[in-house]
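Peer 1: Please find the sequence and the predicted model below.
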Amino acid sequence: MPTDPPAFRSDLPHSFPWSVFHRRHPALVTQLLDVVPYGPAQRAAVRDLLVESTTGVLEPLGEHAPDHAQWLAWGGRELYGRPWGEAPFLWAESYFYRRLLEATGYFRPGAWQGVDPFAPLKNAELAGPEVDGELAALDGLSELPDERRAAALLAAALWGNRADLSFRLQPPAAGTGTAGAPPSGLLVDHGPLLWSTLAAASSPRVCLIADNAGRELLPDLVLLDHLLAGGLAAEAVLYVKPHPYYVSDATTTDVLAAVERLYAAPGPQAALTGRRLRRALTTGALTLRTHPFFCAPLPFHDLPADLRTELSGAALTILKGDLNYRRLVGDRPWPATTAFAAAVGHFPSPVAALRTLKSEVVVGLEAPVVAALDATGTPWRTGGTHALIQVHHPAGTR
Ligand SMILES: O=P(O)(O)OC[C@H]1O[C@](O)(CO)[C@@H](O)[C@@H]1O
């Protein structure tokens with residue numbers, strides 16, 4: 001049995017993980033301190049974190065932190081005291097966001113407790129004029145035959161993943177300008193398997209593990225509404241993060257804001273969708289759930305028993321976004337031709353990944369596709385220009 005390749009790390013200068021710590025995080029911190037009027041102590045703590053995470057060793061969470069013991073168990077025991085770049089990239093990046101909350105006082109009793117540092121960015125996105133256009137487009141979809149409308153809603157949820165605030169913080173690398181690139185790069189389309197999996201299930205429960213708030217969460221909610229309204233889901237469960245994470249990851253507050261945005265939209269279809277979603281929340285047809293593991297620095301291979309049991313009854317679990325993909329298949333440089341089924345066979349239910357590629361890991365591609373993409377000389381694995389709809393159903397065909 002061949003051993004797994006070692007996890008990505010951020011200590012190789014100019015590698016993608018290195019650029020996240022050395023380029024993206026400084027841009028994020030600058031933006032955060034511009035937007036939120038934190039006081040001197042918080043500003044100094046945020047800046048210290050940037051220095052520590054690029055040149056220092058992993059310092060533990062303070063003993064007062066409610067999840068101090070949790071992070072020790074999640075790997076801190078072995079990793080604290082070592083350079084950040086020597087930790088798995090997934091671990092270190094996740095810990096960076098946890099420490100950012102520590103620096104801003106999110107978990108400490110006091111005036112800043114519970115204040116989402118990324119709320120101003122998320123709110124601005126949700127209020128933005130692009131959203132009006134996207135919601136108005138729902139009116140046109142209502143005229144389409146069922147199958148085409150379903151495909152359009154699935155595509156909207158998929159490409160909504162491109163609208164990620166953290167992604168937009170990345171200064172575009174010279175000559176690669178991805179802004180405005182047409183979303184034509186669907187590398188794998190298991191959409192038909194997704195629909196047939198749902199159609200074949202009786203009283204299906206559909207779980208959706210959300211990624212970003214705002215322009216990604218809106219089409220996710222619209223998709224869930226479509227599944228519930230059309231009977232493809234008897235029940236839907238939307239999993240969100242228990243606290244702010246990776247800049248724009250959705251929390252319960254963000255779901256409520258998105259439902260309200262739909263509800264208050266001028267277009268009839270968006271408003272109807274918002275009304276149905278509110279009703280679904282109140283009747284329990286749509287449930288919001290969370291779990292500390294959604295902010296854990298670990299792959300889904302290590303799902304805790306309670307969450308594993310909970311997901312195991314689902315007819316389908318839909319995982320949104322790049323980070324969930326990294327956690328699903330394992331954040332390692334697998335050959336891109338590794339079978340998707342082999343990479344996700346550990347997951348407790350049939351699973352669908354809807355992901356635009358914003359980091360290096362990818363599986364389930366055909367060799368000629370990989371060769372053709374490599375030959376373009378563009379950063380196709382990280383630029384958000386390409387996407388996947390990958391589905392694994394243990395009893396299915398892939
Ligand atoms: O919001 P998404 O789709 O999970 O993307 C987040 C991605 O952004 C990064 O933080 C930086 O590219 C990745 O490491 C991460 O996987």
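Peer 2: Received it, and whenever you're ready, just let me know what you need.

Peer 1: Isn't Leu262 up against Leu217?
Peer 2: No: here Leu262 lies out of contact with Leu217, judged by C-beta atoms under 8 Å, at a distance of 10.2 Å. (C-beta placed from N, C-alpha, C; glycine too.)

Peer 1: Which phi and psi values does Arg9 adopt?
Peer 2: Per-residue torsions, Arg9: phi -130, psi 160 (degrees, to the nearest 10).

Peer 1: Tell me how many other residues surround it.
Peer 2: By other C-beta atoms under 10 Å, the residues close to Arg9 number 20.

Peer 1: Enumerate every residue touching it.
Peer 2: Arg9 makes contact with Pro17, Gly85, Glu86, Ala87, Pro88, Phe89, Ala92 under the criterion C-beta atoms under 8 Å, 6 or more residues apart in numbering.

Peer 1: Now that we have the residues you listed, can you turn them into a markdown table and tack on neighbour count?
Peer 2: As requested, the contacts of Arg9 are exported to a markdown table (neighbours: other C-beta atoms under 10 Å):
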| residue | neighbour count |
| --- | --- |
| Pro17 | 22 |
| Gly85 | 22 |
| Glu86 | 13 |
| Ala87 | 25 |
| Pro88 | 22 |
| Phe89 | 27 |
| Ala92 | 25 |
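
Peer 1: Any figure for the gap between the spatially closest residue to Pro394 that is not a sequence neighbour and the ligand?
Peer 2: Leaving aside its sequence neighbours, Pro394 sits nearest to Pro350 (C-beta to C-beta, 6 or more residues apart in numbering; 6.7 Å). Distance from Pro350 to the ligand, counting by C-beta to the nearest ligand atom, to the nearest Å: 21 Å.

Peer 1: List the contacts of the helix or strand harbouring Asp220.
Peer 2: If you go by DSSP states H and E, Asp220 is part of helix 217-229. Helix 217-229 is contacted from outside by 131, 134-135, 138, 149-150, 153-154, 156-157, 160, 198, 206, 208, 210, 232-233, 236, 238, 250, 254-255, 258-259, 261-262, 273, 276-277, 280, 285-286, 320, using C-beta under 8 Å, 6+ apart.

Peer 1: Show me what from the chain comes close to the ligand.
Peer 2: Neighbours of the ligand within the chain, by C-beta under 6 Å from any ligand atom: 20, 24, 93, 161, 164, 166-167, 211-212, 246, 321-323, 326, 358-359.

Peer 1: hmm, try it at 5 Å
Peer 2: With C-beta under 5 Å from any ligand atom as the criterion, the chain comes near the ligand at residues Val20, Asp164, Ser166, Asp211, Asn212, Gly321, Asp322, Leu323, Lys358, Ser359.

Peer 1: now the helices: where do they sit in the stretch 51-200 of the chain?
Peer 2: 68-71, 77-79, 89-104, 119-127, 129-141, 146-160, 165-168, 191-200 (DSSP state H, counting those that start in this stretch).

Peer 1: And the second one, what's buried?
Peer 2: By neighbour count on 16 or more other C-beta atoms under 10 Å, the buried set for helix 77-79 is Leu79.

Peer 1: The spatially closest residue to Tyr263 that is not a sequence neighbour: neighbour count?
Peer 2: Distances taken as C-beta to C-beta, 6+ apart put Gly274 closest to Tyr263, at 3.1 Å, once the chain neighbours are dropped. By other C-beta under 10 Å, 23 other residues sit near Gly274.

Peer 1: Can you point out the helix or strand that includes Gly274?
Peer 2: helix 268-283.

Peer 1: Burial check on Pro13, number of neighbours?
Peer 2: Neighbour tally, Pro13, other C-beta under 10 Å: 9.

Peer 1: Show the contacting residues for the residue nearest to Pro394.
Peer 2: Thr197, Ala314, Ala315, Leu316, Thr317, Val391, His392, His393, Pro394, Gly396.

Peer 1: who wins for neighbours among those residues?
Peer 2: Most surrounded of the contacts of Pro350: other C-beta under 10 Å gives Val391, at 28 neighbours.

Peer 1: From the recorded domain assignment, give the ranges for the protein.
Peer 2: 16-116, 122-392 (automatic domain parsing).

Peer 1: on that earlier part again, now do the helix holding Gly274: distance to the chain's middle.
Peer 2: Using C-alpha atoms, centre = their mean, to the nearest Å, the distance from the centre of helix 268-283 to the centre of the chain it belongs to is 24 Å.
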